[in-house]
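In: Sharing a model that was predicted from the sequence below.
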Amino acid sequence: MANLRDKKQLEGIKTIYFDYDGTLHNSNKIYAPAFRKAYDFLVENHKAEQKNWEDEEIAKWLGYTSIEMWKNFMADLEEPFRMKASLIIGQEMREQMLAGNAELYDNSINTLKELKNRGYVLVFLSNCGIKYMETSRKLFNLDLYFDSMICSEMYDYIPKYEILKIIKHQFEMDQVIVGDRFHDVESGNINGIKSVFCEYGYGCKNEGETATVKIKEIKEILDILI
């Protein structure tokens, strides 16, 4: 249950930006097998050492753009192999989704539905690619809830805080961004927008240290916004 301080922090909000992976979508269920498939490709081509990856090790890359992920993970990997590995991840994730293996967190849809009914402007804002976003849109009928859907590939994978700076004036002010990684909190801080950090997602808890409010499950946002 939200406390009075949290409610006062988020009073008068009109527009809510939602991160997707780790915030609404339990995405490591489909990302982990996709990552392993891409890594196997690199091992087969003598570009990586054999390794058994734990789900928790893989999950730390969720929330990054593809460019950021490879820069941090294997900065010296040659471009053709990086592009092929990225393609494998993207294709496998979409195949996993179409096979019915993707799932949203409990109460994600109910929370979006209730916020929509309350009149908030809802904006999907993710560091993902266009095909992934569009597959998610169709699979979970996200058009029923989001007024706009925006992903980083639409802006050549520039940082999320830069995308937010570009788009924020398209929507009603008094805004908040909701997400599970430092990208989301950082985006809010740089743009003078409040933030809600999702502690249940894939980020370390210290990534949410400067967030306006922290939540342990997505439905808590319904108690915080007034």
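Out: It's in. Numbers count the residues shown, from 1 in each chain.
In: Report the spatially closest residue to residue 167, excluding sequence-adjacent ones.
Out: Using Cβ to Cβ, 6 or more residues apart in numbering and skipping residues adjacent in sequence, the residue nearest residue 167 is residue 150, 6.3 Å away. Using the backbone N, CA and C atoms, a C-beta is placed for each residue, glycine as well.
In: any idea of the pLDDT on that neighbour?
Out: With respect to pLDDT, residue 150 scores 98.
In: That one against residue 166, yeah?
Out: No - counting by Cβ atoms under 8 Å, residue 150 does not reach residue 166; the two are 9.5 Å apart.
In: between the two, who's got more neighbours?
Out: Taking other Cβ atoms under 10 Å, residue 150 and residue 166 do not tie; residue 150 has more neighbours (20 against 11).
In: Confirm that one sits in a strand?
Out: Yes - counting by DSSP: H, G, I helix; E, B strand; the rest coil, residue 150 is located in a strand.
In: List the contacts of the longest helix along the chain.
Out: Of all the segments of type helix in the chain, defined by DSSP state H, the longest one is helix 79-98. In this structure, residues lying in contact with helix 79-98 by Cβ atoms under 8 Å, 6 or more residues apart in numbering are 29-31, 33-35, 37-39, 41-42, 45, 47, 66, 70, 74, 77, 102, 129, 131-132, 135-136, 139.
In: what about burial for these, which qualify?
Out: 30-31, 33-35, 37-39, 41-42, 47, 66, 70, 74, 77, 102, 129, 132, 135-136 (16 or more other Cβ atoms under 10 Å).
In: Check what contacts stretch 218-226 and list those residues.
Out: Residues outside stretch 218-226 that contact it (Cβ under 8 Å, 6+ apart) are 1-2, 6-7, 9-11, 13, 16, 23-24, 105, 107-108, 110-111, 114-115, 118, 120, 176, 178, 196, 198, 200, 213, 215.
In: Of those residues, select the buried ones using a PyMOL command.
Out: Only the buried entries of those go into this PyMOL selection, using 16+ other Cβ under 10 Å:
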select buried, resi 2+6+9+10+13+16+23+24+105+107+108+111+114+115+120+176+178+196+198+213+215
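In: pLDDT wise, what is the residue of the chain most remote from its centre at?
Out: Most distant from the centre of the chain: residue 46, at 31.5 Å, with distances by Cα atoms, centre = their mean. Here the pLDDT value assigned to residue 46 is 96.
In: ok, now the one 5 residues further on?
Out: Residue 51 is assigned 94 on the pLDDT scale.
In: these two touch, right, it and residue 39?
Out: Yes - with contact defined as Cβ under 8 Å, residue 51 reaches residue 39; the gap is 7.3 Å.
In: so how far is the host helix or strand of residue 165 off the chain centroid?
Out: Assigning secondary structure by DSSP states H and E places residue 165 in helix 160-167. For helix 160-167, the separation from the chain centroid amounts to 15 Å (computed by Cα atoms, centre = their mean, to the nearest Å).
In: Quick one: mean pLDDT for it?
Out: For helix 160-167, the mean per-residue pLDDT is 98.
In: the inter-axis angle of the helix or strand just after that helix versus helix 160-167?
Out: For helix 160-167, the succeeding helix or strand toward the C-terminus, using DSSP H and E, is strand 175-179. Put simply, strand 175-179 runs at 150 degrees to helix 160-167, going by axes from the mean of the first three to the mean of the last three Cα atoms, to 10 degrees.
In: could you dump strand 175-179 to CSV, C-alpha only?
Out: The C-alpha trace of strand 175-179 is given here as CSV (Å, rounded to 0.1, in the frame of the first residue of the first chain):
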residue,chain,number,x,y,z
GLN,A,175,4.6,13.5,-16.4
VAL,A,176,6.1,10.4,-14.8
ILE,A,177,8.3,7.7,-16.3
VAL,A,178,8.0,4.1,-15.0
GLY,A,179,10.8,1.6,-15.4
